[in-house]
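In: Sequence plus the predicted model coming up.
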Amino acid sequence: MKLIASGSQTVGPYLHIGLTWLNTDRIAGPGVRGERMIIQGRLLDGDGVGVGDGLVEIWQANAAGRYAHPDDRRKTPLEKGFRGFGRIPTDVKGRFRFSTVKPGRVPGPGGNLQAPHLSVTVFMRGLLKQLSTRIYFPGDPANAQDPLLKRVPAARRATLIARRKAKGVLEWNIVLQGRSETVFFDF
Amino acid sequence: MSKIHGYRKYRPRSQPAYDFPPYASTAKRHPTRPLVIAPQTLSEITGPVFGYDDLQPTDHDLTRQHRGEPIGERILVSGRVLDESGRPVPHTLVEVWQANAAGRYPHKADQHDAPLDPNFSGAGRTLTDAKGHYRFVTVRPGEYPWRNHYNAWRPAHIHFSLFGRAFLTRLVTQMYFPGDPLLTLDPMYMSIPDPKGRQRLVSQFDLENTVPQHALAYRFDIVLRGRAATPMEQS
């Protein structure tokens, strides 16, 4: 490695100025196939208080398990216009909410398929570098064999699995500290 | 079985810690448990792709987004987006935001007693070209006070947000200006342990791109996480 990487810095309190132009809380447009759902939750600090100046970004495959990216060279179909990216700022109470389709399974280490999941990156004032985590889906039989979930101590796995709140609505919170602290990954 | 080309871990001390007491707001906002080390998969080495359809013609020129010109010293900020091996990162989205020349953001959370500028929104974006070059036109942002500690002032800075080729290469950082006496007093800047890493965030005065009778130029190269030397097995 010739060059030292640029260091991460916080988005600060005024992140909205530069980032809201790309807000995307509807990840899957009308022509996109799959099981539609709303995912909502809160970003909570160490006192359990909602973080009102946070930002959640989502990256996901389509329902067939294909990423809209040139490095996904599989022949799986991809809908025109599906980017698979979401950007959702938290509101004053730390809430976020977006709609999407449940992604299909994508390959993981050793040729095993991963359980359906959304990749999540979190930014906020007071956070000097982003946090990476994932959302998995409740009741999916593939969760038991997922290579990443298996690395997470059993007692903490539930922090990565959304809960069914109502028909078509899932709840998933990001808890920064404490007993139910969300699992964050170092990739 | 095909192989995927993953990304190297960041060099030690090139990145800030989550828990950094000099920046008071980290106290309640850092994870207290160790991160779970996880393998990179297709989900991490891919990421959103943006194109010219996402942009407006004046998005890269923060001085031309309103009827009049903003107050302040006009500057050009340009550079390259590279990976740690020095390879350019082409066609990647670069987003910026900054205070106006008086050190004020047009944001409801900014209560600093300095004037807003009706001709300056302080936001821009562009794509790098095939060789990783980007360029913005803006005004030099002002310093401003904050409440982190007694008599705390942020050095002049421009926020940068980049994607790179993968969700894993995502980076939000800040560009600083050379010779700023506030830098070594700033917890954000000082949060990067390696002095060479800190220096990476300081732009350089750029006489070559300075336009006579028009604007000073600053050069700011951004280095994203680089690819691993050997590919990893993956179906």
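Out: Sure thing, it's come through. Everything numeric here is computed off the predicted structure, so don't read it as measured data.

In: which residues touch the residue positioned nearest the centre of chain B?
Out: The structure's chain B has its C-alpha centroid closest to B:Phe160; by Cα atoms, centre = their mean the separation is 2.4 Å. B:Phe160 makes contact with B:94-96, B:171-175, B:220, B:222, according to Cβ atoms under 8 Å, 6 or more residues apart in numbering or on different chains. Glycine gets a C-beta too; all of them are placed from N, C-alpha and C.

In: One more: A:Gly29?
Out: A:81-82.

In: hmm, back to that, may I have the secondary structure class of the residue nearest to the centre of chain B?
Out: Judged by DSSP: H, G, I helix; E, B strand; the rest coil, the three-state class of B:Phe160 is strand.

In: Kindly tell me how buried the nearest residue to it once chain neighbours are set aside is, as a neighbour count.
Out: Nearest residue to B:Phe160, sequence neighbours excluded (Cβ to Cβ, 6 or more residues apart in numbering or on different chains): B:Thr173, at 5.2 Å. For B:Thr173, the tally of surrounding residues (other Cβ atoms under 10 Å in any protein chain shown) stands at 27.

In: was I right about B:Thr173 contacting A:Ser8?
Out: Yes. With contact defined as Cβ atoms under 8 Å, B:Thr173 counts as touching A:Ser8 (5.9 Å).

In: any weak-confidence spans in the chain?
Out: In the absence of a named chain, this looks at chain A. Counting by pLDDT under 70, the ranges of chain A that qualify are A:1.

In: You answered for a different chain; I wanted chain B.
Out: B:1-2, B:233-235.

In: ok and the residue in it nearest chain A?
Out: B:Trp97 (2.7 Å; Cβ to the nearest Cβ).

In: ok now do A:Leu22, which residues does it touch?
Out: Contacts of A:Leu22 by Cβ under 8 Å, 6+ apart are A:87, B:54, B:95.

In: can you give me the helices in chain A?
Out: Secondary structure of chain A by DSSP state H: the helices cover A:15-19.

In: Closest residue of it to chain B?
Out: Closest point on chain A to chain B, by Cβ to the nearest Cβ, is A:Gly18, at 2.7 Å.

In: List the residues that contact that residue.
Out: A:Gly18 sits in contact with B:95-97, B:122-125, B:159, B:161, where contact means Cβ under 8 Å, 6+ apart.

In: same question, A:Arg74
Out: Here A:Arg74 is in contact with A:Arg66 (Cβ under 8 Å, 6+ apart).

In: Equivalent analysis for B:Pro181, please.
Out: Applying Cβ under 8 Å, 6+ apart, no residues contact B:Pro181.

In: Helix, strand or coil: sort out it for me.
Out: Assignment for B:Pro181 (three-state DSSP): coil.

In: Please report how far the most centrally placed residue in chain A lies from A:Arg134.
Out: Central residue of chain A (Cα atoms, centre = their mean): A:Val120, 2.6 Å from the mean position. Distance of A:Val120 to A:Arg134, given as Cβ to Cβ, to the nearest Å: 6 Å.

In: what do you get for A:Ser8?
Out: Taking Cβ to Cβ, one finds A:Ser8 at 20 Å from A:Arg134.

In: Of the two, which one has the most company?
Out: The neighbour comparison of A:Ser8 against A:Arg134 (other Cβ under 10 Å) goes to A:Arg134, with 26 against 23.

In: element containing B:Ala17?
Out: B:Ala17 is located outside every helix and strand, with elements delineated by DSSP states H and E.

In: Quick check: it vs A:Thr10, distance?
Out: The value you get for B:Ala17 to A:Thr10, if Cβ to Cβ is used, is 13 Å.

In: overlap in contacts of those two?
Out: A:Leu128.

In: need the longest strand for chain B.
Out: Assignment by DSSP state E gives strand B:74-83 as the longest strand of chain B.

In: Show me the longest helix that occurs in chain B.
Out: Identified as the longest helix of chain B according to DSSP H is helix B:195-200.

In: Just the residues contacting the following helix or strand past that one, thanks.
Out: Elements were assigned by DSSP H and E; along the chain past helix B:195-200, the next helix or strand is strand B:204-205. Here strand B:204-205 makes contact (Cβ under 8 Å, 6+ apart) with B:178, B:216-220.

In: Quick one: buried ones out of those residues?
Out: In those, burial by neighbour count holds for B:216-220, counting by 16 or more other Cβ atoms under 10 Å in any protein chain shown.

In: so can I have CSV of those residues showing distance to B:Arg147 and secondary structure?
Out: Formatted as CSV, the buried ones among the contacts of strand B:204-205 follow (distance: Cβ to Cβ, whole Å; DSSP: H, G, I helix; E, B strand; the rest coil):
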residue, distance to B:Arg147, secondary structure
B:Leu216, 31, strand
B:Ala217, 34, strand
B:Tyr218, 28, strand
B:Arg219, 33, strand
B:Phe220, 28, coil
